[in-house]
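Participant: just a sequence and a predicted model for now, questions to come.
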Amino acid sequence: MAILEVGINFGMKNLVEIKYYSSSDNVLDPNLRAGFLQALESFTSEVFGDDISIISLASFKLVCSCEMIKLPGNELENKQPLLAFAIIEKGTDTTIVKQYLGEILLHFLNRFSLNDIFSKKPKYFKNFENRINEILGDLKLKTEDRFRSIF
């Protein structure tokens, strides 16, 4: 039971990505993942009037927490999703992960201005990884790694 990867995307742009464990041999481009999640978020919002939450795959689950951010300009409806995601092992408590992702988004929005989020490159947000690690605690460790750290 562990978080394998965690990240923050703004629309089609990946801002933060942390890999704790390799979830597969095929490395997925972070911006490709961001585009997929953006499209999925748009689809669920348009069709179902809801946000994506948990996607269950054969070996993993993808847990998401989303905050809609108003883009600069006069249009009230012009918003983009700021999405925190975690790829987790099956058996990991999704409720706790979802709660942590919400906390990560809250801290992210408190730390960075909307101008930073819109204009800065992912390198600018690199130091925020320490805050994510603090929030997740040992949930980012597999069971065997938790035991190993004790002894």
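Facilitator: Noted; the coordinates are in hand.

Participant: residue 83: neighbour count?
Facilitator: Residue 83 sits with 25 neighbouring residues when counted by other Cβ atoms under 10 Å. C-beta: built from backbone N, CA, C; applies to glycine.

Participant: no wait, residue 122
Facilitator: 15.

Participant: residue 66 sits in which helix or strand?
Facilitator: strand 60-70 (DSSP states H and E).

Participant: okay, now the sheet partners of that strand, with direction.
Facilitator: If you go by DSSP bridges, strand 60-70 pairs up with strand 54-56 (antiparallel), strand 79-89 (antiparallel).

Participant: so which of these is the most packed in?
Facilitator: strand 79-89 (a mean of 22; mean count of other Cβ atoms under 10 Å).

Participant: can you show me the CA trace of that strand as CSV?
Facilitator: Provided in CSV are the C-alpha atoms of strand 79-89 (Å, rounded to 0.1, in the frame of the first residue of the first chain):
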residue,chain,number,x,y,z
LYS,A,79,-11.4,28.4,-16.1
GLN,A,80,-8.7,25.7,-16.2
PRO,A,81,-8.3,22.8,-13.7
LEU,A,82,-5.5,22.7,-11.2
LEU,A,83,-5.3,19.0,-10.6
ALA,A,84,-3.3,17.0,-8.0
PHE,A,85,-3.0,13.4,-8.9
ALA,A,86,-1.5,10.3,-7.3
ILE,A,87,-0.9,6.9,-8.8
ILE,A,88,-1.3,4.4,-6.0
GLU,A,89,-1.1,0.6,-5.5
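
Participant: so where is this protein shaky, pLDDT-wise?
Facilitator: 1, 22-29, 31, 42-52, 73-76, 140-151 (pLDDT under 70).

Participant: so what's residue 88 up against?
Facilitator: By Cβ atoms under 8 Å, 6 or more residues apart in numbering, the contact set of residue 88 is 1, 2, 3, 4, 60, 61, 62, 63, 94, 97.

Participant: helix/strand/coil for the fourth one?
Facilitator: Here residue 4 is strand, with the state taken from DSSP: H, G, I helix; E, B strand; the rest coil.
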